[in-house]
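K.L.:
Here is a sequence with its predicted model. Questions after.
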2 protein chains.
Amino acid sequence: MAVTILVVEDEPAIQELISLNLKRAGHMVLCADNAEQAKQLINNVLPDLVLLDWMLPDTTGIELARRLRREARTKSIPIIMLTARVQENDKISGLEAGADDYITKPFSPRELIARIKAVLRRRLPEMSDEIIELGGLKLDPTTHRVHVYALDDPSKTTEITLGPTEFRLLHYLMAYKERVHTRAQLLDRVWGDHVFIEDRTVDVHIRRLRKILEAVDKENLVQTVRGTGYRFSVEFDEESVE
Amino acid sequence: MAVTILVVEDEPAIQELISLNLKRAGHMVLCADNAEQAKQLINNVLPDLVLLDWMLPDTTGIELARRLRREARTKSIPIIMLTARVQENDKISGLEAGADDYITKPFSPRELIARIKAVLRRRLPEMSDEIIELGGLKLDPTTHRVHVYALDDPSKTTEITLGPTEFRLLHYLMAYKERVHTRAQLLDRVWGDHVFIEDRTVDVHIRRLRKILEAVDKENLVQTVRGTGYRFSVEFDEESVE
DNA sequence: ACAAAGCATTACATATTTATGACAGTCGCA
DNA sequence: TGCGACTGTCATAAATATGTAATGCTTTGT
């Protein structure tokens, strides 16, 4: 998946090293030398993950981490701390400040990539490339395919074709199944940050998604929660109260 | 395929033995007596695989492995460790340092070749010179030939001619079939690292490839995934939903 | 039952993404 | 040097996706 990673690191050599490795692993990389620059970058593009050096020239990394955690827009971005020292303290204060993981220099690229994957899996399931299988739908991010089958007869499957937005929407809803999402949340996380799109547009895409699902007898998976938003659910609640 | 292998081994006899066998198996061989020499060689020519002795005079093999893994340019090169001892420890620390496999001396040439093949297959499928046969296409990297036949009648085959780029592109797509590749990924892995070429150029080469495939009734193999990239697939998804 | 609010559905103009054909520069080789 | 094969880029056409607004339906509260 196209994951955007912000690297905040003042040492150019390390910054370059990390950047190269992340790019090779297929990520989009943004680099900042200090906290100030990082903030500006984040203002423009919301990264999916932040790699943050503990020791920064102006503000300490922890301070930046705190700030990121405080603001709504950046609250849910996973943070991995980079630390040169092996002090146990750093680990603790870093994790307290809201870091999701930490990694001590020197580290192998392999380890870095592995940590990133782990954090993404934990914090942003829709970013990890794992196959999601729910309620007779099987969505595979790597092949970009969605297969459908009847729950009582999984033997024969059909493939359905979704537009890019519908695909991302379904992926997101499935990754966070059973949870209700407001339109604003969906716009933020499926469309992306900073989009200035009508809330109602979400309805239309939900509609398009549903239309395709209806054609393969999966009408109840995408549900409306009146007054709130939408939800992907495999639990029946149609004729609950009659 | 022309696989370049770097052998890092201080004992001349063993170095010679390995070198001979690899050459016989059709590989390009580079030899280094120590880590320092190895680094210089790598500076000039990027090998496709490294055979690395555990015990080296100056730096230990593991140290070199770590360094190779650390640097972007060498990060993805598969490493096979050679070790004289049978200690279980060696295996573990070698693999930790990023070796892909290890082999204990003494070993038979046959085993060595087999391991190399296995590692290449695992790490860089498009490097292993195995014949790939998919959806009525048979691509042979060693002879650089592509044969086509109808799936319902494999008896008579036609040969098609591809330009160098189209060949590599097809090879790559077939080696990683069913997976969607963004244009950026294709540029990185088919054209090579760091090329500065327009994304759209990929489209043109896909077009050229398709044109040739169309001429032999293989139009659906190279598929477009709108908003993402391209994929080689043998699965039907044309008239999936009616 | 009625009005208001929230959601579904459809149609459509526009924007975005791909496909395609043409062209010019490069490189190897005769 | 000249020819031919190969590449990368562009312009344009074609395909398809997207956001919005208008309209009709449901639910909710009174």
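P.N.:
In hand now; what should we look at?
K.L.:
On the pLDDT front, check A:Lys75 for me.
P.N.:
A:Lys75 carries a pLDDT value of 83.
K.L.:
domains of chain A?
P.N.:
Per automatic domain parsing, the domain ranges recorded for chain A read A:4-123, A:132-232.
K.L.:
so which of those domains comes closest to B:Ile131?
P.N.:
domain A:132-232 (23.2 Å; Cβ to Cβ). C-beta coordinates here come from the backbone N, C-alpha and C atoms, glycine included.
K.L.:
still on that earlier bit, dump the domains of chain A to a markdown table, plus mean neighbour count.
P.N.:
As requested, those are arranged in a markdown table below (neighbours: other Cβ atoms under 10 Å in any protein chain shown):
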| stretch | mean neighbour count |
| --- | --- |
| domain A:4-123 | 18 |
| domain A:132-232 | 16 |
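K.L.:
wait, does the strand ranked longest in chain A contact chain B?
P.N.:
Taking DSSP state E as the criterion, chain A has its longest strand at strand A:153-160. Yes - residues of strand A:153-160 are located near chain B by Cβ under 8 Å from any Cβ of the partner chain, namely A:158-160.
K.L.:
Contacts for that strand, please.
P.N.:
The contact list for strand A:153-160, computed with Cβ atoms under 8 Å, 6 or more residues apart in numbering or on different chains, reads A:136, A:138, A:145-149, A:212-213, A:215-216, B:235, B:237, B:240-241.
K.L.:
among those residues, which two are most distant?
P.N.:
Using Cβ to Cβ, those span at most 20.3 Å, a distance reached by A:Leu213 and B:Glu235.
K.L.:
Name the helix or strand of chain A that has the lowest mean pLDDT.
P.N.:
The weakest-scoring helix or strand in chain A, judged by mean pLDDT, DSSP states H and E, is helix A:88-96 (a mean of 59).
K.L.:
how much space between the residue most central in space within chain A and A:Tyr230?
P.N.:
In chain A, the C-alpha closest to the average C-alpha coordinate belongs to A:Leu124, at a distance of 3.6 Å (Cα atoms, centre = their mean). Counting by Cβ to Cβ, to the nearest Å, the gap from A:Leu124 to A:Tyr230 is 19 Å.
K.L.:
And for A:Ile113?
P.N.:
For A:Ile113, the distance to A:Tyr230 - Cβ to Cβ - is 34 Å.
K.L.:
host element of A:Leu120?
P.N.:
Using DSSP states H and E, the element containing A:Leu120 is helix A:109-123.
K.L.:
Which helix or strand lies directly C-terminal to that helix?
P.N.:
strand A:132-134.
K.L.:
so for that following strand, what's the average pLDDT?
P.N.:
Rounded mean pLDDT across strand A:132-134 is 95.
K.L.:
In the sheet, which strands lie alongside that strand, parallel or antiparallel?
P.N.:
Sheet pairing of strand A:132-134 (DSSP bridges) gives strand A:137-140 (antiparallel).
K.L.:
if we take the contacts of strand A:153-160, which one ends up nearest to A:Arg226?
P.N.:
Closest to A:Arg226, out of all of those and judged by Cβ to Cβ, is A:Leu213, at 19.7 Å.
K.L.:
so the closest one touches A:Val222, yeah?
P.N.:
Yes - counting by Cβ atoms under 8 Å, A:Val222 is a contact partner of A:Leu213 at 6.6 Å.
K.L.:
circling back: output the longest strand of chain A in CSV with nothing but the alpha carbons.
P.N.:
Presented in CSV, the C-alpha positions along strand A:153-160 are these (Å, rounded to 0.1, in the frame of the first residue of the first chain):
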residue,chain,number,x,y,z
ASP,A,153,-21.3,-22.5,0.0
PRO,A,154,-17.8,-21.0,-0.1
SER,A,155,-16.8,-23.2,-3.0
LYS,A,156,-17.7,-20.9,-5.9
THR,A,157,-16.6,-17.3,-5.8
THR,A,158,-17.3,-14.4,-8.0
GLU,A,159,-15.1,-11.4,-8.5
ILE,A,160,-16.5,-8.0,-8.3
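K.L.:
Work out the gap between it and the centre of the chain.
P.N.:
Relative to its chain's centre, strand A:153-160 lies at 28 Å (Cα atoms, centre = their mean, to the nearest Å).
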